[in-house]
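In: Quick one: sequence and predicted model below, then my questions.
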Amino acid sequence: MWESGGGLTSGGSATIITGRNGEKRRPIYIPRGGHLACGNHALIGVDDGFYIVTASVRRGSRDTASVVRIVSTSVKDIDGEKWEAKADVEEVNTFSRGEWDHPLDEKFASAVEAAFRKASSYHCRSVYYIDTSPREEMSEVDKKKRQEEMARQDAKREAKRKAKAKREAREKADAEAVSKAAKEAGLGARIEAVNARLSTLGRQTVKLGEVSFGYGWQSQLYTEDNVARIERQVEQAEREAAEKERKRQVREEFQPQFESFQSRVEALDLTIEFTEESARLSNYQSFLYTDEGLVRFGEELERLEAEAIETRRQADAQVAYNKAKAKAEADGLPQNIEIWKRTGGRTNAGNGWVIDQDGQDRDPTSIWNSNPRRLQRYGEGYMVWEQILHGEVVLQWSKGSSSALHKFSVIYLPEEGLTEAQLERIRGIQDDLDAEWEGTRGMASGKPSPSVGDGWGIVN
């Protein structure tokens, strides 16, 4: 068995081997290279009555440990090349939650201490509990006995190897005879049929021998299982070839239809790539070679074209706005207009509008609230227009509660007067406010909401 283990960042474990009295044992082998960190550090021969000590630590503290006694060992030479070794063990002591299940025998104290130290050693590469004392010189009698025993074991193993080789040779000859008969009985004809199918597929064929056949790097006997496996592989290859041909035909049918969109795709500064199964735009969207895929492709183009038009419109609108803003600023029109907006409740309600000559509302430049959560969840805050433009009218409305009066303020009225479109929009706003608050009553007073009346007094 191996003395092994070591520590990692948050913990570690270790295994120590002792003799019958907890003493250190002389190692058979100590590796000097390779992967040693928390690995195997000393190979030690074990026998009946020896002990195995294990320990683990966790975050610098002793976590668990155990002392296990080897009751019996057995080694079986299977065939002179393969071996089977077993050990039956019994538990002697265990350690957990800071204490042993019963008092630890003093003879194990050194081994247990070494196991905990080894488990705590970060990336341990060293042995901790082995006998390094000088070896005693073996007597000539003992040397002779040892040589005789080694010779006896070598002879026994050699006999087993020869018996194994003879048995395997006989089994091979029997298997080859059965294989040859199976080939002549029909398996050879099935392989020849397989070769015809492989030739049609343009694949490498099977090499037929007298007692075996070769496919790829493998040489196999003529058995039902082996031949059936080759037949299944060919069937799979035929299915794959048929599927590949089907995909080729589908692509031939649909690719020209996708290519008919080429000019529109290029107008968007994109490209089409054609794979085995789909057409793919250079923005990484793929569309299968199906009627549905073709429809989706057209719909996606329409969306991208509309998006491009909107992007250009916004760019043009920004240029126009910048130009109008510069003129309005030079002419001294109002700047940084702030109007409170709250439309989701019945108290402290408010709103504002900046309406251009076409009767269209212009969105605020920004909106802010000292309570960002209210802004994000309810969209309420102070709307800010950094610059009022020529021809725009700026209106404000507020209402303290359901029963309170509507308050209307004209923040800015263009000198040139209002257009019919602006008047129509203002009339619509007033009607919407009247409809929204009609029938509402104050929670405390129970009084109904007053009418908007003539609103801003601008329209009849």
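Out: Structure's in. What do you need? Bear in mind the structure is a predicted one, so any value in this text is a computation, not a measurement.

In: what about the stretch 351-460 of the chain, any weak spots by pLDDT?
Out: In the predicted model, the stretch 351-460 of the chain carries pLDDT under 70 at residues 460.

In: Which parts of it are strands?
Out: Assigned by DSSP state E, counting those that start in this stretch, the strands in the stretch 351-460 of the chain fall at 366-368, 381-387, 393-399, 407-412.

In: Pick the most buried one from those.
Out: Comparing the strands of the stretch 351-460 of the chain by mean neighbour count (mean count of other Cβ atoms under 10 Å), strand 393-399 comes out on top with a mean of 22. All C-beta spots, glycine's among them, are computed from the backbone N, C-alpha and C.

In: sorry, back to before: would you mind giving the strands of the stretch 351-460 of the chain as TSV with distance to Ile130 added?
Out: Formatted as TSV, those follow (distance: least, Cβ to Cβ, whole Å):
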stretch	distance to Ile130
strand 366-368	76
strand 381-387	77
strand 393-399	90
strand 407-412	93
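
In: quick one: Asn371 and Tyr382, what's the gap?
Out: Per Cβ to Cβ, to the nearest Å, Asn371 is found 12 Å from Tyr382.

In: typo on my end, Arg427
Out: Going from Arg427 to Tyr382 by Cβ to Cβ gives 26 Å.

In: so who does Leu281 touch?
Out: Neighbour list for Leu281: Val265, Leu270, Thr271, Ile272, Glu273, Phe287, Glu300 [criterion: Cβ atoms under 8 Å, 6 or more residues apart in numbering].

In: Let me know the closest of the residues you listed to Ser110.
Out: Proximity of the contacts of Leu281 to Ser110, judged by Cβ to Cβ, is greatest for Glu273, which lies at 72.0 Å.

In: give the contact list for that closest one.
Out: Neighbouring residues of Glu273 by Cβ under 8 Å, 6+ apart: Ala279, Arg280, Leu281, Ser282.

In: ok so, going back, narrow the contacts of Leu281 to those in helices?
Out: Counting by DSSP state H, the part of the contacts of Leu281 found in helices is Val265, Glu300.

In: between the contacts of Leu281, which is nearest Lys183?
Out: If you rank those by distance to Lys183 using Cβ to Cβ, Glu273 comes first, at 50.5 Å.

In: Return the set of residues that bridge with that closest one.
Out: Note on Glu273: beta-bridge partners by DSSP bridges are Arg280.

In: helices or strands up against the biggest helix by length in the chain?
Out: In the chain, with assignment by DSSP H, the single longest helix is helix 140-182. For helix 140-182, the packing partners by 3 or more Cβ pairs under 8 Å, 6 or more residues apart in numbering; DSSP states H and E come out as strand 61-77, strand 218-221.

In: Roughly how far does Lys143 sit from Tyr29?
Out: 21 Å.

In: can you list the domains in this protein?
Out: 2-120, 334-437 (automatic domain parsing).

In: outside of stretch 243-250, which residues touch it?
Out: Applying Cβ under 8 Å, 6+ apart, the contact partners of stretch 243-250 are Glu276, Glu277, Tyr289.

In: CA atoms of stretch 439-451 as PDB?
Out: What follows is stretch 439-451, C-alpha atoms only, in PDB (Å, rounded to 0.1, in the frame of the first residue of the first chain):
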ATOM      1  CA  GLY A 439     -67.300  60.600 -11.800                       C
ATOM      2  CA  THR A 440     -64.400  60.500  -9.400                       C
ATOM      3  CA  ARG A 441     -64.800  61.700  -5.800                       C
ATOM      4  CA  GLY A 442     -62.500  62.800  -3.000                       C
ATOM      5  CA  MET A 443     -61.800  60.000  -0.600                       C
ATOM      6  CA  ALA A 444     -62.200  62.200   2.400                       C
ATOM      7  CA  SER A 445     -64.700  64.700   1.300                       C
ATOM      8  CA  GLY A 446     -66.700  62.600  -1.100                       C
ATOM      9  CA  LYS A 447     -67.100  65.600  -3.400                       C
ATOM     10  CA  PRO A 448     -67.100  65.000  -7.100                       C
ATOM     11  CA  SER A 449     -64.300  66.100  -9.400                       C
ATOM     12  CA  PRO A 450     -65.000  69.500 -11.000                       C
ATOM     13  CA  SER A 451     -65.200  69.700 -14.800                       C
END
